[in-house]
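Q: structure of the sequence below:
(chains A and B)
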2 protein chains.
Amino acid sequence: MISEAGAVTLAHLQTGLEDRLEQVRTEIGRLIAADFEPISDVNAHLLQMQGKMFRPTLVFLVNEAVRAPDPRLVSLAAVVELIHLATLVHDDSVDHSVLRRGMPTINALFSHQVSVIMGDYLYSRAVIQLVRLDDMEPLRVLGRITNEMTVGEMRQLLAHDRLRFTEAEYDLLIQAKTASLLSGAAEVGALRAPAGTRKAMARFGQYLGMAFQVVDDLLDFTEAEAVTGKPTGLDLREHKVTLPLIHALPRFTDRQRARVARLMETAEPADTLIAEVMADVAEVGGLAYARERAQQLATLAEAELEDLPPGAARETLRASLTYVLERRR
Amino acid sequence: MISEAGAVTLAHLQTGLEDRLEQVRTEIGRLIAADFEPISDVNAHLLQMQGKMFRPTLVFLVNEAVRAPDPRLVSLAAVVELIHLATLVHDDSVDHSVLRRGMPTINALFSHQVSVIMGDYLYSRAVIQLVRLDDMEPLRVLGRITNEMTVGEMRQLLAHDRLRFTEAEYDLLIQAKTASLLSGAAEVGALRAPAGTRKAMARFGQYLGMAFQVVDDLLDFTEAEAVTGKPTGLDLREHKVTLPLIHALPRFTDRQRARVARLMETAEPADTLIAEVMADVAEVGGLAYARERAQQLATLAEAELEDLPPGAARETLRASLTYVLERRR
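A: Now for the predicted structure:
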């Protein structure tokens, strides 16, 4: 149903929110400002590489849909994005990534050490701002979620026996790594709504976040570098096992299985080997299955919208699911 | 004055606190517990390498001295130590240290990636526990301090033009890196005291913490590996410029200055070169000056105790300054 609504761009979801998203950007700059030059230098780079602001957008959309106005919303949205930024800085450092959104990562441009310290710096600034808001609720939500994300990162890092990685483990991983913060963004948008609505929005964000990550993992199999800004097959190259491959593995021929085992044993697998495994995964239905799973998760998310008051804001939340399913990067 | 009181051991300061310090250890174990095995494995190692509990001791001593009982004290002391633990994990990772308290560091035993993630894990658990205590004040204090510590780490990392590092910059560095958390420990012990007393205790911890770091830096010049558990001259080996050298530099002969410049330009300086520079620093009075500065800081700390009610608890706080000055490791 959801995908039938047709292509939805992020710009479409952000229509009418432009001013507030600009305020969020300004607020983030204010929150991380430092009078110590080396930190200002890193900050300047971070502010340049700021992303699509999907999490702040979600905070605003949910808040509108639940009709529980909250004067702190710009600040809360900024803190959510700031936590996102902090985790990206540490993730890039853990993964030794050199590019993020087409720009050099902090670890690549400065150093690995600087990125460890800067992640801590950004996260502690987020906590300071939450303390300033003088309300324990957002701290409760975002403290828990930050912890969940670290568990997710650990799950990802230590998925040792990669070809035995199960779909259940994958679900735990993407819940912790990606869905938790999107769930937090949705919940933070509903802090002033009745408890039941707040919980429904947290679940909405959770399902949407899982769908988001499944699609992300799918794009790694389907989209060319020019579109996503990341080389295709990067996950395979880094020996990360995601849903398309998990589904494909038990359906592989011996020959196909030997091929993927070889890839996993090769420190720097050749492009041809990666391309072959990608074709194998597609052939046995791995991509179709992941697409279906994303659709299913979006349907679960959509069900959480049912009790919201009907109106344009609820429809935009519904459209955000289409955006997540249809996005190409 | 303070040092005349004679040798004070940490065990002396901790007399009567043994049970509560044991409760702190148990509480830390509870706070970081995980049902995800790889995290439990790292936790087990962390709990084994737990240190001297100087910060929790300070929380208890201050609380007794200000006579403002606080039922949350064990929990607060555990959170302070947990934040300390989190920063050690990231510091070791940033410094590529392989040993801490005679045991392998997390980055050495597991990996650099695990230590980045685990530092985040521990810190977010500390935030979660502070939220549970349902009081914004400890969050305000410890949020600010965690941020200060990251700035201190950055100052340390980016002290590029090392032989021009000034004493004022060194003071800023040790305030942020070390004194801030000891100040936080002292302040947390006085949360239920009148505002003036709370501020005086924060300053007490600040001066005590600066003295602590000056002595630490001095020990690096004076104590053998068997005593401190770290090789002597480690700071010089790692091109870290601390107070004894800062004081010595303008007093060096051309020959001595050339020698230290050579050391700073050598990636892995020879033991003989390090020993020569250490002797140079001693010869021109660098060690004596640092000793004097530590004494001066302890005197400033002592002055903050003046308005406390007289009694055994206040005297133990005074003795903690002697401990800091006289310690050999």
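
Q: got a list of what the nearest residue to residue A:92 once chain neighbours are set aside touches?
A: Distances taken as Cβ to Cβ, 6 or more residues apart in numbering or on different chains put residue A:105 closest to residue A:92, at 4.1 Å, once the chain neighbours are dropped. C-betas here are computed from N, CA, C, even on glycine. Contact analysis of residue A:105 by Cβ atoms under 8 Å, 6 or more residues apart in numbering or on different chains lists A:89, A:92, A:93, A:97, A:98, A:99, A:115.

Q: quick check on those: which are buried?
A: A:89, A:92, A:93, A:97, A:115 (16 or more other Cβ atoms under 10 Å in any protein chain shown).

Q: make a markdown table from the residues you listed and add distance to residue B:21 to it.
A: Below are the buried ones among the contacts of residue A:105 laid out as a markdown table (distance: Cβ to Cβ, whole Å):
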| residue | distance to residue B:21 |
| --- | --- |
| A:89 | 35 |
| A:92 | 39 |
| A:93 | 35 |
| A:97 | 42 |
| A:115 | 35 |
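
Q: please flag which of these sit within strands.
A: Among those, no residue falls in strands (DSSP state E).

Q: nearest to chain B, of those?
A: residue A:93 (6.0 Å; Cβ to the nearest Cβ).

Q: separation between the residue nearest to residue A:92 and chain B?
A: From residue A:105 across to chain B, the span is 14 Å (Cβ to the nearest Cβ, to the nearest Å).

Q: near chain B, which residues of the stretch 101-250 of chain A show up?
A: Proximity of the stretch 101-250 of chain A to chain B (Cβ under 8 Å from any Cβ of the partner chain) is limited to residues A:112-114, A:116-121, A:123-125, A:127-128, A:131, A:134, A:136, A:139-140, A:143-144, A:146-147, A:149-151, A:153-155, A:157-158.

Q: what's the separation between the residue positioned nearest the centre of chain A and residue A:188?
A: Centroid-nearest residue in chain A: residue A:178, 4.4 Å away (criterion: Cα atoms, centre = their mean). Here residue A:178 is placed at a distance of 16 Å from residue A:188 (Cβ to Cβ, to the nearest Å).

Q: the stretch 151-300 of chain A: helices as residue ranges?
A: A:167-174, A:180-189, A:195-222, A:225-228, A:234-237, A:243-248, A:254-265, A:271-283, A:286-303 (DSSP state H, counting those that start in this stretch).

Q: need those helices in a markdown table (columns: mean neighbour count).
A: Conversion of these to a markdown table gives the following (neighbours: other Cβ atoms under 10 Å in any protein chain shown):
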| stretch | mean neighbour count |
| --- | --- |
| helix A:167-174 | 17 |
| helix A:180-189 | 29 |
| helix A:195-222 | 22 |
| helix A:225-228 | 12 |
| helix A:234-237 | 19 |
| helix A:243-248 | 24 |
| helix A:254-265 | 14 |
| helix A:271-283 | 17 |
| helix A:286-303 | 19 |
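
Q: out of these, nearest to residue B:31?
A: helix A:180-189 (19.5 Å; Cβ to Cβ).

Q: the closest one versus helix A:286-303: what angle between them?
A: Put simply, helix A:180-189 runs at 20 degrees to helix A:286-303, going by axes from the mean of the first three to the mean of the last three Cα atoms, to 10 degrees.

Q: and helix A:180-189, how far from the chain's centre?
A: Distance of helix A:180-189 from the chain centroid (Cα atoms, centre = their mean, to the nearest Å) equals 11 Å.

Q: do stretch A:66-75 as well
A: Distance, centroid of stretch A:66-75 to centroid of chain: 22 Å (Cα atoms, centre = their mean).

Q: going by neighbour count, which residues of it are buried?
A: A:66, A:68, A:70, A:72, A:73, A:74, A:75.

Q: outside of it, which residues touch it?
A: A:20, A:23-24, A:27, A:59-60, A:63, A:76, A:129, A:133, A:135, A:189-193, A:197-198, A:201, A:308-309, A:313.

Q: let's see 6 Å
A: Residues outside stretch A:66-75 that contact it (Cβ atoms under 6 Å, 6 or more residues apart in numbering or on different chains) are A:20, A:23, A:24, A:27, A:63, A:133, A:190, A:192, A:193, A:197.

Q: and for stretch A:81-96?
A: Residues contacting stretch A:81-96 (Cβ under 6 Å, 6+ apart): A:28, A:55-56, A:100, A:105-107, A:112, A:115-116, A:118-119, A:122-123, A:126, A:149, B:113, B:116.

Q: switch the cut-off to 7 Å
A: Stretch A:81-96 has contacts (Cβ atoms under 7 Å, 6 or more residues apart in numbering or on different chains) with A:24, A:28, A:31-32, A:46, A:53, A:55-56, A:100, A:105-107, A:112, A:115-116, A:118-119, A:122-123, A:125-126, A:142, A:146, A:149, A:153, A:157, A:181, B:113, B:116-117, B:120.

Q: and for residue A:44, the neighbour number?
A: For residue A:44, the neighbour count with other Cβ atoms under 10 Å in any protein chain shown is 10.

Q: contacts only, for it.
A: With Cβ under 7 Å, 6+ apart, residue A:44 has no contacts at all.

Q: gap between it and residue B:181?
A: For residue A:44, the distance to residue B:181 - Cβ to Cβ - is 29 Å.

Q: residue A:12 now?
A: 48 Å.

Q: got the buried residues for stretch A:147-165?
A: A:147-159, A:165.

Q: which members of these are positioned in strands?
A: Counting by DSSP E, the buried residues of stretch A:147-165 place none of their members in strands.

Q: got JSON lines for the residues you listed, with pLDDT too?
A: Below are these laid out as JSON lines (pLDDT from 0 to 100):
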{"residue": "A:147", "pLDDT": "96"}
{"residue": "A:148", "pLDDT": "96"}
{"residue": "A:149", "pLDDT": "96"}
{"residue": "A:150", "pLDDT": "95"}
{"residue": "A:151", "pLDDT": "93"}
{"residue": "A:152", "pLDDT": "92"}
{"residue": "A:153", "pLDDT": "91"}
{"residue": "A:154", "pLDDT": "91"}
{"residue": "A:155", "pLDDT": "88"}
{"residue": "A:156", "pLDDT": "86"}
{"residue": "A:157", "pLDDT": "84"}
{"residue": "A:158", "pLDDT": "78"}
{"residue": "A:159", "pLDDT": "72"}
{"residue": "A:165", "pLDDT": "89"}
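
Q: quick one: buried ones out of the residues of the stretch 101-250 of chain A next to chain B?
A: A:112-114, A:116-121, A:123-125, A:127-128, A:131, A:136, A:139-140, A:143-144, A:146-147, A:149-151, A:153-155, A:157-158.
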